[in-house]
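Student: Whatever this is, show me its structure:
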Amino acid sequence: MKINELIQHFSIHTTNEEKQVLCKMGSVRPISSYSERDRFIIEGLIRKSLVSKVIQNGTVLVVANELR
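Tutor: Next comes the predicted model:
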């Protein structure tokens, strides 16, 4: 039996502030283009696997994952 068969609905708790930052993340952008507060929130979203962090040519880029 697969885990998807056991769990019909799966959601990750996000605060209102996290939801606002996720909505602002339209495409791949450098993390340095966000405010210090947004960067702190983005780091939390990375730990929750809602945002991916990619290092390209020494630049740290972030992008929201598809599952929201």
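
Student: So I55, which state does it fall into?
Tutor: strand (DSSP: H, G, I helix; E, B strand; the rest coil).

Student: Nearest residue to it in space, ignoring adjacent ones along the chain?
Tutor: L61 (7.4 Å; CB to CB, 6 or more residues apart in numbering). C-betas here are computed from N, CA, C, even on glycine.

Student: Helix or strand: which one has the one you found?
Tutor: strand 59-64 (DSSP states H and E).

Student: pLDDT below threshold where in the protein?
Tutor: Low-confidence segments of the chain, defined by pLDDT under 70: 1, 3-4, 67-68.

Student: Mind telling me which residue is nearest the centre of it?
Tutor: Centre of the chain computed as the mean C-alpha position; nearest residue by CA atoms, centre = their mean is V51, 2.1 Å away.

Student: Tell me who's in contact with it.
Tutor: Contact partners of V51, counting by CB atoms under 8 Å, 6 or more residues apart in numbering, are L22, M25, I42, L45, V62, V63, A64, N65.

Student: Tell me how many other residues crowd the residue nearest to I55.
Tutor: When neighbours are defined as other CB atoms under 10 Å, L61 has 17 of them.
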